[in-house]
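Student: Here is the input, now give the coordinates:
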Amino acid sequence: MPDTSHHNNFSDWETWAFTDPFEDMAGPFYFKRTPDGIVSGFEVTKKHLNGGGAIHGGMLMTFADFSLFSIAKDELGDEGAVTIALNGEFVSAGPPSGNVYATGEVVRATGSMVFVRGTVTANDATLLTFSGILKKLKKRN
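Tutor: This next block holds a predicted model:
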């Protein structure tokens, strides 16, 4: 797993060049290339919490979905894609503040699909493990 302990903010991280209204509302989310692979991240704010004061499970799944695409960024290139499967296993509650990160790997890529798995962490604790499948979109003429 990449060392993410030294990241205090996301000022030198990237985000998508296009607008995704739902992710814009839920995030903002970021990604950064490291020697160990691409890491995604976001800063927890009050809007990300559930009634119990932990990060909402839907927020973690939304972030996992974003992370599928950042992890598969090199495999997808300029091609568009959509999520056709996303599975998540909640491991522990997320903290009410701080930063959350996702790392992972492309397990397999075919001509039309990319299979990804990853882990969402905060404060060195695993919050969620996830896997998903992205379907590459054919370019329209």
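Student: Show me where this protein has its strands.
Tutor: Assigned by DSSP state E, the strands in the chain fall at 30-34, 37-44, 81-90, 98-109, 113-122, 125-136.
Student: Give the buried residues for the first one.
Tutor: Pointing back at strand 30-34 there. Buried residues in strand 30-34, defined by neighbour count with 16 or more other CB atoms under 10 Å: 30-32. Just so you know, the C-beta spots here come from the backbone N, C-alpha and C atoms, and that holds for glycine as well.
Student: ditto for the third one
Tutor: Neighbour-count burial for strand 81-90 flags 81, 86, 88 (criterion: 16+ other CB under 10 Å).
Student: Just put these in CSV and tack on pLDDT.
Tutor: Formatted as CSV, the buried residues of strand 81-90 follow (pLDDT from 0 to 100):
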residue, pLDDT
Ala81, 95
Leu86, 98
Gly88, 98
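Student: circling back: of the buried residues of strand 30-34, just say which sits nearest to Gly94.
Tutor: Among these, Tyr30 lies closest to Gly94 (CB to CB), at 16.9 Å.
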